[in-house]
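sequence-free structure coming up:
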């Protein structure tokens, strides 16, 4: 069963969100959380957390998993370009990235996401991580049995909640708000304007000891929030965006008095984010990562180049085996269907032969199953069918009238038509009209040799009388037919 899974791997805890995709959208399956043991390597602690979370079934090769890099290991830069052409953006960005980092471009993995375009300008968010750091991170995940399809930035994953419309009621306008996920060693901010991210960045925060002290000590709490508020205010002023509210997520939600202090300092109503199906606000990032796993394209993903995602070979072998079985079944069904059609055609051919034999025996006195021979014998002079004319005199007359030109239509005084000859006498307005009639009749292949007509002026001298006598050759009968 295919699932989209978001893993929020923090210092001391693991949060997992799973989505089930369908034709009509997606549904949140479950959101789970587990504490990580204090001892062991990062891979051992993660494996213990996955086991403690108790996913059923456990993560497997058919699951699409998304994770975010730990805070501080990835750098972000916002680049403003004076054009909107995607091809030019792709061409210019490598030079922009190389100028922003103290490393060679070959030492890093980078990707970008377009945040917005207006006034002929494009705002691009670029994420950069050193290859050595990314390799170590992926090796730790692999050691715990996790092969992520998406490795992205936490703020961008957080913005997916606004992009996919999971934070507003159905039919409501798209979200315009600031999403703030804060916790030990990590604080992420995403500004969403009408459902689209316009800013995604990490904020300054404190370590786990400071957060533990802030839970009970007001002085420590004020110090922790002041540090976060400084970066938050700068970010809001930079984008000149007026969010409707400040949505809180992560351990920040459980910090006493945090919402009230943030409301007072930012003049924005701060409240815990309301996740679908009554989800815990502390699992917002995990749900955003699951949404990013469902639609990995168009946003930053560090699984590229030598780190590109490849599925487990055993899964590929299993899929090939299933495809082979399906192909074999289709071949067998095709063979059976072909044999059935062939048998049906044989029965039809036998019935046709029997009908031709009966007809020729009744008419000719001999049985013939070849329809070509039957037609030839039935058309021959020795058969009783030979006397049946192929056309009638009425057919010949209709063909004659149809061939007379409309602009020179004569008055026919006398017409004698058989299936083998035509005799016509009529009156035309002039010799020119007679020539037009003569030219029109010669175009018909069934009219034999048409000699110049006998013509003379009428008694009053105003019109021309004419007469034609020519054979009709398409009836296949001897002269003097019906």
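Received it, and whenever you're ready, just let me know what you need. Keep in mind that this is a model prediction, so the values were computed, not measured.

for residue 238, phi and psi?
phi -60, psi -40 (degrees, to the nearest 10).

how many other residues sit next to it?
12 (other CB atoms under 10 Å). No exception for glycine: its C-beta is placed from N, CA and C like everyone else's.

same thing with residue 328?
For residue 328, the neighbour count with other CB under 10 Å is 10.

got the phi and psi for it?
Residue 328 adopts backbone torsions of phi -60, psi -40, taken as degrees, to the nearest 10.

before we move on, what about the one 3 residues further on?
Phi and psi for residue 331, reported as degrees, to the nearest 10, are phi -60, psi -40.

pLDDT wise, what is it at?
Turning to residue 331, the model gives it a pLDDT of 91.

residue 16 reaches residue 28, doesn't it?
No: contact criterion CB atoms under 8 Å: residue 16 and residue 28 do not qualify, at 11.7 Å.

which one's more surrounded, those two?
residue 16 (26 against 18).

assign a three-state SS to that one, would you?
With DSSP: H, G, I helix; E, B strand; the rest coil as the basis, residue 16 sits in strand.

where exactly do the strands run in the stretch 201-350 of the chain?
246-249, 270-272 (DSSP state E, counting those that start in this stretch).

looking at those strands, which one is packed in the most?
Highest mean neighbour count among the strands of the stretch 201-350 of the chain (mean count of other CB atoms under 10 Å): strand 246-249, with a mean of 26.

just to revisit the earlier point, residue 444 is nearest to which of the strands of the stretch 201-350 of the chain?
Judged by CB to CB, the one of the strands of the stretch 201-350 of the chain that comes nearest to residue 444 is strand 246-249, at 88.1 Å.

pull up the gap between residue 441 and residue 426, please.
12 Å (CB to CB, to the nearest Å).

checking residue 21 next. Helix, strand or coil?
strand.

which pLDDT value belongs to the closest residue to residue 151 other than its chain neighbours?
Spatial nearest neighbour of residue 151, chain neighbours left out: residue 302 (4.4 Å); criterion: CB to CB, 6 or more residues apart in numbering. Predicted confidence (pLDDT) for residue 302: 93.

same question for residue 82.
Per-residue confidence at residue 82 stands at 92 (pLDDT).

the residue nearest to residue 151 and residue 44, how far apart?
Separation of residue 302 from residue 44 (CB to CB): 24 Å.

more neighbours, the two?
Between residue 302 and residue 44, residue 302 has the larger neighbour count (other CB under 10 Å), namely 25 against 15.

do I have it right that that one meets residue 69?
Yes: between residue 302 and residue 69 there is a contact under CB under 8 Å: 7.3 Å.

common neighbours of the two, please.
129, 134, 151-152 (CB atoms under 8 Å, 6 or more residues apart in numbering).

now the end-to-end length of stretch 413-425.
Its start and end residues considered, stretch 413-425 measures 6 Å (CA to CA, to the nearest Å).

equivalent analysis for stretch 146-158, please.
One end of stretch 146-158 sits 21 Å from the other (CA to CA).

which residues belonging to that stretch are considered buried?
Neighbour-count burial for stretch 146-158 flags 146-158 (criterion: 16 or more other CB atoms under 10 Å).

remind me which residues of the stretch 251-400 of the chain are low pLDDT?
Residues of the stretch 251-400 of the chain that meet the criterion pLDDT under 70 lie in 298, 311-319, 371, 376-390.

could you dump the shared contacts of residue 302 and residue 69 into JSON lines with distance to residue 353 added?
JSON lines is the format used below for the shared contacts of residue 302 and residue 69 (distance: CB to CB, whole Å):
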{"residue": "129", "distance to residue 353": "79"}
{"residue": "134", "distance to residue 353": "77"}
{"residue": "151", "distance to residue 353": "72"}
{"residue": "152", "distance to residue 353": "73"}
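
ok, now which ones touch residue 31?
Contact analysis of residue 31 by CB under 8 Å, 6+ apart lists 15-18, 275, 279-280, 283, 286-287.

do you know how far residue 150 is from residue 290?
On the measure of CB to CB, residue 150 and residue 290 end up 10 Å apart.

over to residue 210?
Distance, residue 210 to residue 290, using CB to CB: 29 Å.

please say which of those two ends up with more neighbours.
Here residue 210 and residue 290 are set side by side on neighbour count (other CB under 10 Å), and the busier one is residue 290, at 29 against 17.

secondary structure class for the residue nearest to the more buried one when sequence neighbours are not counted?
Excluding its sequence neighbours, the residue lying closest to residue 290 (CB to CB, 6+ apart) is residue 6, at 3.4 Å. Secondary structure assignment for residue 6 (three-state DSSP): strand.

my guess is residue 6 meets residue 17, correct?
Yes: contact criterion CB under 8 Å: residue 6 and residue 17 qualify, at 4.5 Å.

more neighbours: which of the two?
Applying other CB under 10 Å to residue 6 and residue 17 shows that residue 6 carries more neighbours, namely 31 against 28.

can you map out the strands along the stretch 51-200 of the chain?
Along the stretch 51-200 of the chain, counting by DSSP E, counting those that start in this stretch, strands occupy 64-68, 74-81, 108-118, 121-130, 150-152, 177-183, 186-193, 196-202.

now the fifth one, how far from the chain's geometric center?
Read that as strand 150-152. Here the centre of strand 150-152 is set off from its chain's centre by 24 Å, with CA atoms, centre = their mean, to the nearest Å.

do the second one as well
In terms of CA atoms, centre = their mean, the centre of strand 74-81 is found 31 Å from the chain centre.

list the buried residues of that strand.
By neighbour count with 16+ other CB under 10 Å, strand 74-81 contains the buried residues 74-75, 77, 79, 81.

how close does residue 125 sit to residue 220?
Distance of residue 125 to residue 220, computed by CB to CB: 33 Å.

kindly report the same for residue 107.
For residue 107, the distance to residue 220 equals 39 Å [CB to CB].

can you pull the contacts of residue 42?
If you count contacts by CB under 8 Å, 6+ apart, residue 42 has them with residue 140.

what do you get for residue 249?
Residue 249 touches 158, 179-182, 272-273, 281-282, 284-285, counting by CB under 8 Å, 6+ apart.

for the residue lying farthest from the centre of the chain, what are phi and psi?
The centre of the chain is farthest from one residue, residue 459, which by CA atoms, centre = their mean lies 83.6 Å away. Phi and psi for residue 459, reported as degrees, to the nearest 10, are phi -60, psi -40.

ok, now residue 392?
Main-chain dihedrals, residue 392, degrees, to the nearest 10: phi -110, psi 170.

hang on, isn't it packed against residue 418?
No: using CB under 8 Å, residue 392 makes no contact with residue 418, being 9.8 Å away.
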